[in-house]
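Peer 1: Fold the following and give me the result.
(chains A and B)
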Protein chains: 2
Amino acid sequence: MALRFEMLAKASACHARLGRVHTAHGSFDTPAFMPVATAGAMKGLTPSQVSGTGSQIILNNAFHLMLRPGAARVRSLGGCHEFMRWSGPILTDSGGYQAFSMSDIVKLDETGVEFRSFVDGAKVHMSPESSMQVQQDLGSDIAMAFDDCAPLGAPQPSRDRIREAHERTLRWLERCVKAHRSDTAQSLFGIVQGGSDLDLRRASVQGVCAHDLPGYAIGGVAVGESTQAIREVVAFTAPLLPADRPRYLMGVGYEWDIVDAVASGIDMFDCVLPTRNGRNGTCFTTIGPVRLKNAVHAQESAPIDSSCDCECCAGGFSRAYLRHLFMAGEMLGPILASLHNIRHFQRLLLDIRSAIREDTWLGLETRWPCLAAGRIGARHQQEPDS
Amino acid sequence: MALRFEMLAKASACHARLGRVHTAHGSFDTPAFMPVATAGAMKGLTPSQVSGTGSQIILNNAFHLMLRPGAARVRSLGGCHEFMRWSGPILTDSGGYQAFSMSDIVKLDETGVEFRSFVDGAKVHMSPESSMQVQQDLGSDIAMAFDDCAPLGAPQPSRDRIREAHERTLRWLERCVKAHRSDTAQSLFGIVQGGSDLDLRRASVQGVCAHDLPGYAIGGVAVGESTQAIREVVAFTAPLLPADRPRYLMGVGYEWDIVDAVASGIDMFDCVLPTRNGRNGTCFTTIGPVRLKNAVHAQESAPIDSSCDCECCAGGFSRAYLRHLFMAGEMLGPILASLHNIRHFQRLLLDIRSAIREDTWLGLETRWPCLAAGRIGARHQQEPDS
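Peer 2: Residues are numbered from 1 along each chain as shown, chains lettered A, B, ... in the order given. Modelled structure (predicted):
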């Protein structure tokens, strides 16, 4: 039986929606932020620590787990929940994005993509059918369709390549839907592609939503384009998706990206920013980022964010101590910074949900100065590109 | 006010004692195992995780903290308890052992030892007086005397060098006692040296115990010599120390080393084995060590030790999952293995204490098959040396 999406409230000032998604492994509140446990582990954190950040659903990367230890092995060990001892909902990506962006691609054609394994260099072929099998073996609550995601970045893919990817994604979705076993508890989400081309996006929505699926995602954003470009695509595409299904914006993002996307009607997010930046000593705060390695923190007895209730800030760990951990190469630095950063995003999402429930959407901007600061910063960062 | 040592019971079969040490930061039960938080952090573990292993007192390395971030800085941040957010008792070593064993020594004379900092290569001079100042700045509950510890290993120090170290240790202890501020809550422990020479050990005990100190330690063991040599020195030296003060065997050791030393009347232990071996994927169990990276664990759904109640074993993490974490280079592998290993030692110490309380000392060997197996293994390991 697929998931059930319960709509609880809508903001009057924008398209933001409050809801709850019910799965075989429990429920999660939307809008939801899903931290990423790439290889079946949130880097440096135990499941109980992750749960303590308020995270209700996490993401596993099918690509990493199929290559090591192998999806069949995870299945024989009880599936991804039992494997990593996470009892709540898990979403798996299809493996496609990583196959396209992280691997030496040997061949890409209608059958699928062939690439070299980062574990042992072996040639691996992935197809819509094999991705469905991998995700069924993993036993996630939400499986993602296997799509053709032309990576952006330099060189930018041509308009023809983006159109080809969009059309192939639709053909592959047909095959995913056929291959996916609808008699399991796993729900299959379709993915809308189309790059920054709004006509292609509209066509992709029509093609993808022709399949009656329990949820839909917007893919191919936050892959190197500007914040403004992300916002335009999301604001255009999200309202086209069925209102009674959860909408998932893949791989996004910064606080302002998330708030803007929620305002456009997005319900689910995943991003590696909290853990990746945390490992490098960059922490998010209500008023903007803090770089813990900076010498200015060497004698600072204050926590990362005095308004934060995470295990690190509420636990009284000082910026001076955290800086010391990073300077000394102590694992505990990345651990505490990651815990804080995940909780930072979950606090933002908690506040987003209460702003929708109480219809006080505009108050978010004053409670989270990092939003305005980030938009200015993001605009500045884009200047060299514009 | 110095610590208070309360004696609660004695075994009839050996010299083992059950007690409790009361400090300004709370009490700990003896025999006690102190895990090592070298640079003010238990590698990869939060204080609450460490506390969850049943550890009541931990060790900080004065050597590491004086070089980075500096003892005065730790003091200005509230001392080592506040710095690392550990509210229980903390013992600091004097820094001498690391200065001798981990550094390029520039000069060693009666004033102290000059070495190069591993942080920035600067020349640093340590003396009995500066070690006392460093440990007072850190604010630990138990400070250790600054001793001359001639490192064993190849080449072995000569008998003359060991005698010189023993005699200098006594002269330095005089200076430590003078420099140590007895009006603080910190207790100073003296350290007995003398290598494997029992006459020197006896002379060292007499010289060190001429000072009325709240506790005494045996140093210069487990520095490369055989398990049998450790046992002989400890069995000889421990009973010579005052019965009404805690006795601390520095840097020991494996389970059988600890059990044998407790039987000789030792009350306190510290060792990096649980964390260091855990980081490398070697776990201790009731029946002996397990190397998690071995392929034999790839499909093993059992925990590291099914009799263990640690967060890892009781939490249901399988050997297969742990092996996966190590193969994938995930931090969570070392974290869970360290958590388990520390709990393994604390479970052993819990059982040691209850064996003394209930006077069932000999039952320990049957409940912990790793003891006999380890003694056999240790004997085998020594064969090349004999």
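
Peer 1: For the rest of this, base every contact and every neighbour count on C-alpha atoms.
Peer 2: Noted.

Peer 1: pLDDT below threshold where in chain A?
Peer 2: Along chain A, segments meeting pLDDT under 70 span A:151-155, A:379-386.

Peer 1: Kindly recompute the last result at 50.
Peer 2: For chain A, the stretches with pLDDT under 50 are A:382-386.

Peer 1: for chain B, what are the nearby residues on it?
Peer 2: Within chain A, the positions lying close to chain B (Cα under 8 Å from any Cα of the partner chain) are A:39, A:41-46, A:68-69, A:73, A:77, A:83-85, A:299, A:301, A:315-318, A:321, A:324-325, A:328, A:330-332, A:335.

Peer 1: Apply 7 Å and report the result again.
Peer 2: In this structure, chain A approaches chain B at residues A:43-46, A:69, A:77, A:83-85, A:301, A:317, A:321, A:324, A:330-332, judged by Cα under 7 Å from any Cα of the partner chain.

Peer 1: element containing residue A:172, please.
Peer 2: Element membership for residue A:172, per DSSP states H and E: helix A:159-179.

Peer 1: tell me what that helix is packed against?
Peer 2: helix A:128-138, helix A:198-209 (3 or more Cα pairs under 7 Å, 6 or more residues apart in numbering or on different chains; DSSP states H and E).

Peer 1: how far away is the residue lying closest to residue A:202 once chain neighbours are set aside from residue A:259?
Peer 2: Once flanking residues are discounted, residue A:202 sits nearest to residue A:237: 7.0 Å by Cα to Cα, 6 or more residues apart in numbering or on different chains. Going from residue A:237 to residue A:259 by Cα to Cα, to the nearest Å gives 16 Å.

Peer 1: Could you look over the helices and strands packed on helix A:159-179 and pick the most buried one?
Peer 2: Ranked by mean neighbour count under mean count of other Cα atoms under 10 Å in any protein chain shown, those are led by helix A:128-138, which reaches a mean of 25.

Peer 1: what angle do it and helix A:159-179 make?
Peer 2: 50 degrees (axes from the mean of the first three to the mean of the last three Cα atoms, to 10 degrees).

Peer 1: Which elements pack onto helix A:128-138?
Peer 2: helix A:62-67, helix A:71-76, helix A:79-84, helix A:159-179.

Peer 1: and the ones you listed as TSV, adding distance to residue B:114 and mean neighbour count?
Peer 2: Listed next are the helices and strands packed on helix A:128-138 as TSV, based on distance: least, Cα to Cα, whole Å; neighbours: other Cα atoms under 10 Å in any protein chain shown:
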stretch	distance to residue B:114	mean neighbour count
helix A:62-67	50	23
helix A:71-76	55	20
helix A:79-84	49	22
helix A:159-179	66	19
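
Peer 1: can you tell which of these is closest to residue B:345?
Peer 2: helix A:79-84 (25.1 Å; Cα to Cα).

Peer 1: The closest one - contacts with which helices or strands?
Peer 2: Here helix A:79-84 touches helix A:128-138, going by 3+ Cα pairs under 7 Å, 6+ apart.

Peer 1: Just the residues contacting the helix it packs on, thanks.
Peer 2: A:62, A:66, A:71-72, A:74-75, A:79-80, A:92, A:94-95, A:112, A:143, A:146, A:172, A:175-176, A:179-180 (Cα atoms under 7 Å, 6 or more residues apart in numbering or on different chains).
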